[in-house]
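*Asks:* Next input, structure requested:
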Amino acid sequence: MRPDGRSPDELRPVRFLLDYVEHAEGSVLVEMGRTRVLCNLTLQEGVPGWLVGSGQGWLTAEYALLPRSTHIRTPREVARGGRAQEIRRFIGRSLRMAVDLERLGERTLILDCDVIQADGGTRTAA
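*Replies:* Numbers count the residues shown, from 1 in each chain. Next comes the predicted model:
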């Protein structure tokens, strides 16, 4: 039995609250048990320099653990690298495989994933 009462093979309850942020092109608050991750999508004209003229779009992701999302304050990650960078790359690569970047034209999708409450499974929720 887990501390929250779930059996070892039982998933956390999952909930998606769509259009959570008014100004983003798309947003969702993902709840997995007590873990909460806010994801906002931005669509921008243009692509990285190495894609200019290709007619293809790009998708990139950001991931951050807010300082008080954990039991003990976690300082913001200021240097690129470490766990957050690994998760950013994982999210970006995963979504680029699922999105038809040619249909985007020369536009960039930016997905910002911010963990607002961490209780396990933050990478999966993002």
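
*Asks:* what residues are up against the residue positioned nearest the centre of the chain?
*Replies:* By C-alpha atoms, centre = their mean, the mean C-alpha position of the chain lies nearest to Cys113, the distance being 3.3 Å. Residues in contact with Cys113, defined by C-beta atoms under 8 Å, 6 or more residues apart in numbering, are Val37, Leu38, Cys39, Ala61, Glu62, Tyr63, Ala64, Ile91, Ala126. For the C-beta atoms, the positions are set from N, CA and C on the backbone; glycine is no exception.

*Asks:* Now with 7 Å, please.
*Replies:* Val37, Cys39, Ala61, Glu62, Tyr63, Ile91, Ala126 (C-beta atoms under 7 Å, 6 or more residues apart in numbering).

*Asks:* for Arg34, same thing?
*Replies:* So Arg34 contacts Gln117, Asp119 (C-beta under 7 Å, 6+ apart).

*Asks:* On the pLDDT front, check it for me.
*Replies:* Note on Arg34: pLDDT of 91.
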